[in-house]
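Enquirer: My questions are about this predicted structure, shown below with the sequence.
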Amino acid sequence: MSSSNPPRSPIAAKLRASSPQDGRPTLVKRSLGHRLAIKFAAIMRWLHIYLSMIGLATILFFSVTGITLNHPNWFEFLATDRTQNDSGQLETRWLNLPIDESSRPDGDLTKQVDKFEVVEYLRKTHRIHGHVADLRVDDRECMIAFKGPGYSADVFININTGKYTLTQNLHGAIAVMNDLHKGRDTGPVWSVVIDVSAIVMTIVSLSGLVLLFYLKRRRMTGTLVVLIGSVVMLILYEWGVP
């Protein structure tokens, strides 16, 4: 009994007819502009993917703290505000440095205080952190204010006796996060972190928009959604912001 061969598929026949005789695929020569466009799309895809991963923590942080800033009453149950009061004694020689009167014609008395010794002693003794936000001196008293994220400390020192009182205000983790979001009392290093995070998020957004134009089936729909979202934001601003 002989078996008959099945009929050949017309699609397979067309593919064989269009293929080169040696079986090698036909190389399509692309123009320089087309090759550059493909390379640019690959770079945008790389930036979008890896910058999104690198900036994931910062994007998540600034997203969450945006909510805690906008709705502080939602997180009142997490508030752990507390105040610490202390007192102590400083070396009077740190408060009365010999200063030539002719070198301070403006009456600036802060030069008579050894700022480094006083501040370092307070930091070590009471674990004060933050930067020195203010230092004022008059004939009787020296005041030093420390500021940090979710933190403040005020020291009042008697110039003549060296006795001081200290009040530290600690506002809890949510306040720390909110101040980090705003860059308040965070120092120059964190200021750079905020700038870099903003640049990363900008590149991620723009690279995603660029990649949208390489998706032919979704290009028009995606562009329309972007325009609608932008118009809605402008309407909400004009209508809802006093």
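Expert: Arrived safely, thanks for sending.

Enquirer: Find the centremost residue of the chain, please.
Expert: residue 194 (3.3 Å; C-alpha atoms, centre = their mean).

Enquirer: so what are the domain limits for the chain?
Expert: The chain breaks down into these structural domains: 33-74+197-240, 82-170 (assignment by automatic domain parsing).

Enquirer: Next, the distance between the ends of the first one.
Expert: Same thing as domain 33-74+197-240. 46 Å (C-alpha to C-alpha, to the nearest Å).

Enquirer: The nearest residue to residue 115 once chain neighbours are set aside: how many residues sit nearby?
Expert: Among residues not flanking residue 115 along the chain, residue 135 sits closest, at 6.5 Å (C-beta to C-beta, 6 or more residues apart in numbering). No exception for glycine: its C-beta is placed from N, CA and C like everyone else's. As a burial measure, residue 135 scores 15 neighbours (other C-beta atoms under 10 Å).

Enquirer: circling back to that earlier point, tell me, which of the domains of the chain is the model least confident about?
Expert: For the domains of the chain, mean pLDDT drops lowest on domain 33-74+197-240, to a mean of 86.

Enquirer: picking up where we left off before, buried ones in the helix or strand that the residue nearest to the centre of the chain is a member of?
Expert: Taking DSSP states H and E as the definition, residue 194 sits inside helix 187-212. Neighbour counts over helix 187-212 (16 or more other C-beta atoms under 10 Å) mark 194, 197, 200, 201, 203, 204, 207, 210, 211 as buried.

Enquirer: The fifth one against residue 50, yeah?
Expert: No. Counting by C-beta atoms under 8 Å, residue 203 does not reach residue 50; the two are 10.5 Å apart.

Enquirer: Show me where the protein has its helices.
Expert: For the chain, applying DSSP state H gives helices covering 10-18, 32-54, 56-70, 115-126, 172-182, 187-212, 219-240.

Enquirer: out of those helices, nearest to residue 99?
Expert: helix 115-126 (13.1 Å; C-beta to C-beta).

Enquirer: Mind listing residues that contact that closest one?
Expert: Defining contact as C-beta atoms under 8 Å, 6 or more residues apart in numbering, one finds that helix 115-126 is touched by 86, 88, 90-91, 94-95, 128-129, 132, 135, 142, 144, 153, 155, 157, 166, 168.

Enquirer: ok, 7 Å please
Expert: Helix 115-126 is contacted by residues 86, 88, 90, 94, 128, 132, 135, 144, 155, 166 when judged by C-beta atoms under 7 Å, 6 or more residues apart in numbering.

Enquirer: Can you point out the buried residues in that helix?
Expert: Result for helix 115-126 [16+ other C-beta under 10 Å]: buried residues 115, 118, 119, 121, 122.

Enquirer: separation between the second one and residue 140?
Expert: Okay, so that is residue 118. 16 Å (C-beta to C-beta, to the nearest Å).

Enquirer: now do the fourth one
Expert: With distances defined as C-beta to C-beta, the gap from residue 121 to residue 140 amounts to 20 Å.

Enquirer: Alright, I will stop here.
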